[in-house]
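Visitor: the sequence and its predicted three-dimensional model are supplied below.
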Amino acid sequence: MIRILTFDIEEWFHCDHVSKNVDWERYEVRVLKSTDKILNSLKRHNQKATFFCLGWVARKHPRLVKMIRDAGHEIGCHSDKHELLTRLNIDEFRIDTADALKCIEDITGEKVKIYRAPAFSITRANLWVFEVLMENNIEVDCSIFPAKHDYGGFESFGSSLPVNILVNGSLMKEFPINTISFLGKPFVFSGGGFFRFFPYWFIRYQMLKNDYVITYFHPRDFDPDLPAMNQLPKMRKFKSYYGLEKSFSKFEKLLSEFSFITVGDAVSQIDWTSTGIIKL
């Protein structure tokens, strides 16, 4: 049974994929307080996690990345500017990835080997993403969302369990978001707006029922005083703000009832010769 704890370290306004060329500097800084809240909770419950850091956040707040690493957590890359990969071409993605990795690695002094795309925006139409990740010596990806998603989704991926993916003759380890079946369709429960939406008893039931769970939380998921972002479409706004008042208490309860590991720990625990291979 593998339960992986992960966080996407981005600012509260990075959920906005609607407005282009927005001046982020005019927005209030909230990631520091929210991430500190998460780190203190993890320390209380003696849990370790993987933190996928945005290059933009790392440049603005290098001490935050150091604080995460000094607390014994694993650091991954969450792109540089949180742009949907469906909006980038391969050359733009190369630049984005290189910029993010350099910034994070200069701060930690360690090679980043794990990646997660913004908003799970890897689809069948941009599989060249994996070529670029391999060029940058990324060994593990956690970007596949094998269900419908507003900004991506890869329903035809073929697995919601850890699996090897084969791209141009090279293998990479993939940890897709885990799904459950509802009316014959894949459904997600273990992170973000889904975690805030579902009642705790349902999340607990699914955690016990499934042998593989990978969570994905954001600092904004636990910020009940999140400023309004009125330009978001109504459904996206609902998903981004629903359940903020109770989400942290649910999270604390989750940490008290279940033990989690990092992505790196999960890599070492899995027999990758038996997971199968998906050719992309």
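Guide: The structure has been received and is ready for your questions.

Visitor: which residues does residue 23 contact?
Guide: With contact set as CB atoms under 8 Å, 6 or more residues apart in numbering, residue 23 has no partners. Heads up, the C-betas are built off the backbone N, CA and C, glycines and all.

Visitor: residue 44 too?
Guide: When contacts are taken as CB under 8 Å, 6+ apart, residue 44 is in contact with residue 255.

Visitor: so how far is residue 253 from it?
Guide: Between residue 44 and residue 253 the distance is 13 Å, computed by CB to CB, to the nearest Å.

Visitor: between these two, what contacts are shared?
Guide: Between them, residue 44 and residue 253 share no neighbouring residue, with contact defined by CB under 8 Å, 6+ apart.

Visitor: just the helices in the stretch 151-280 of the chain please.
Guide: 192-197, 200-209, 234-241, 244-257, 263-269 (DSSP state H, counting those that start in this stretch).

Visitor: can you tell me which of these is most buried?
Guide: Ranked by mean neighbour count under mean count of other CB atoms under 10 Å, the helices of the stretch 151-280 of the chain are led by helix 192-197, which reaches a mean of 19.

Visitor: ok, and what's touching it?
Guide: With contacts defined as CB under 8 Å, 6+ apart, helix 192-197 is touched by 188-189, 203, 215-218, 221, 239-240, 242-244, 246-247, 250-251.

Visitor: rerun that using 7 Å as the cut-off
Guide: 188, 203, 216, 218, 221, 239-240, 242-244, 247 (CB atoms under 7 Å, 6 or more residues apart in numbering).

Visitor: can you check stretch 170-179 too?
Guide: Under the criterion CB under 7 Å, 6+ apart, residues 4, 120, 130, 134, 139-142, 144-147, 157, 159-160, 162-165, 186-188, 190, 210, 212-214, 216, 263, 266-267, 272 lie in contact with stretch 170-179.

Visitor: give the rounded mean pLDDT of that stretch.
Guide: Averaged over stretch 170-179, pLDDT sits at 96.

Visitor: please apply the same query to stretch 137-144.
Guide: Looking at stretch 137-144 alone, the average pLDDT works out to 97.

Visitor: that one: end-to-end distance?
Guide: This stretch, stretch 137-144, spans 18 Å end to end (CA to CA, to the nearest Å).

Visitor: same deal with stretch 161-179?
Guide: 9 Å.

Visitor: any figure for the gap between the closest residue to residue 14 other than its chain neighbours and residue 11?
Guide: Nearest non-adjacent residue to residue 14, counting by CB to CB, 6 or more residues apart in numbering: residue 82, 4.4 Å away. Applying CB to CB, the value for residue 82 to residue 11 is 9 Å.

Visitor: what helix or strand does the closest residue to residue 61 other than its chain neighbours sit in?
Guide: Spatially, and ignoring its direct neighbours in sequence, residue 61 is nearest to residue 32 (6.2 Å; CB to CB, 6+ apart). According to DSSP states H and E, residue 32 maps onto helix 31-44.

Visitor: so which residues make contact with the lowest-mean-pLDDT helix or strand in the chain?
Guide: Lowest by mean pLDDT, DSSP states H and E among the helices and strands of the chain is helix 234-241, with a mean of 72. If you take CB under 7 Å, 6+ apart as the criterion, helix 234-241 is touched by 15, 150, 193, 226, 229, 232.

Visitor: can I get that helix as PDB, trimmed to CA atoms?
Guide: Extracted in PDB, the C-alpha atoms of helix 234-241 (Å, rounded to 0.1, in the frame of the first residue of the first chain):
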ATOM      1  CA  LYS A 234     -18.000  30.600 -12.300                       C
ATOM      2  CA  MET A 235     -17.200  26.900 -12.200                       C
ATOM      3  CA  ARG A 236     -13.400  27.500 -11.900                       C
ATOM      4  CA  LYS A 237     -14.100  30.000  -9.100                       C
ATOM      5  CA  PHE A 238     -16.300  27.500  -7.300                       C
ATOM      6  CA  LYS A 239     -13.600  24.800  -7.500                       C
ATOM      7  CA  SER A 240     -10.900  27.200  -6.300                       C
ATOM      8  CA  TYR A 241     -12.700  28.600  -3.300                       C
END
